[in-house]
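*Asks:* Pasting a predicted model and its sequence here:
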Amino acid sequence: MMVALLAALSASASGGMRIAIPLLLIGLLRIDKLWSEIPLLRRLHPQVVIAVLVSWSLLELFASKTFGGQRVMQIVQVIFSPIVGAIMGVAIAQIRPIDEVVAHPWMLWIIGIVGGLLALVLQLVQAGWFYRLRGLPLWVIFVQDGLCIALVLFAFDAPRQGALIAMLLLWLAIRSSKEWYCWYRNQGILGLLGNPRQGKRDPD
């Protein structure tokens, strides 16, 4: 059971990096079944799914390398990352059967909620730093691409290592969010720091 839960955690974290790439990978890694075991996607025709996921994956890979593309991608990812994180977590939990899940199907809901929240937290912090830095550096974008792919692969082959990376990312997200929040509050004029938006030196 623990191995499957760790795998689900690793897969959900990939949804906090990208949207289409992890869903595309999980289908290609199980080419015999494609997305027949993936919630929501199994209701669609495989050709439609692969066309949409391939197109969006290419958009994620190339559009994210420009400022305008990053801005659009951040908005879309903040909206859909919790959904993808939940889908990835539930999918891995179903691919790696857990007796307790079979006995208590509500555990799938818990896995989905936790996975969705994890992906959302990771994505929100990335969005915060995007606006803080006026765009993420290219090396960060490449690291995100690599982490997204690695976390999906780890979910299948090395769930413990994948979960460890996911927890490390969550810890970094919490630490960096504090730094971002302190910067945000310091934008106010001295004496008005209780209202960061009043008299900001660097308005949004």
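*Replies:* Looks like it arrived, so ask away. Numbers count the residues shown, from 1 in each chain.

*Asks:* What are the buried residues along stretch 133-147?
*Replies:* Gly135, Leu136, Val140, Ile141, Gln144, Asp145, Leu147 (16 or more other C-beta atoms under 10 Å). Using the backbone N, CA and C atoms, a C-beta is placed for each residue, glycine as well.

*Asks:* Val90: which of these is nearest?
*Replies:* Distance to Val90 across these (C-beta to C-beta) is lowest for Leu147, with 20.8 Å.

*Asks:* Gly162 is in contact with the closest one, correct?
*Replies:* No: look at Leu147 against Gly162 with C-beta atoms under 8 Å: they stay out of range, at 10.2 Å.

*Asks:* Just name the shakiest helix or strand of this protein by mean pLDDT.
*Replies:* Using mean pLDDT, DSSP states H and E, helix 99-103 stands out as the lowest-scoring helix or strand of the chain, at a mean of 46.

*Asks:* from the chain's centre, how far out does stretch 155-171 sit?
*Replies:* From the chain centre to the centre of stretch 155-171 is a distance of 13 Å (C-alpha atoms, centre = their mean, to the nearest Å).

*Asks:* ok, back up a step: strands - which of the buried residues of stretch 133-147 land there?
*Replies:* Counting by DSSP state E, those place none of their members in strands.

*Asks:* In these, which has the lowest confidence score?
*Replies:* Here the lowest pLDDT out of the buried residues of stretch 133-147 sits on Gly135, with 82.
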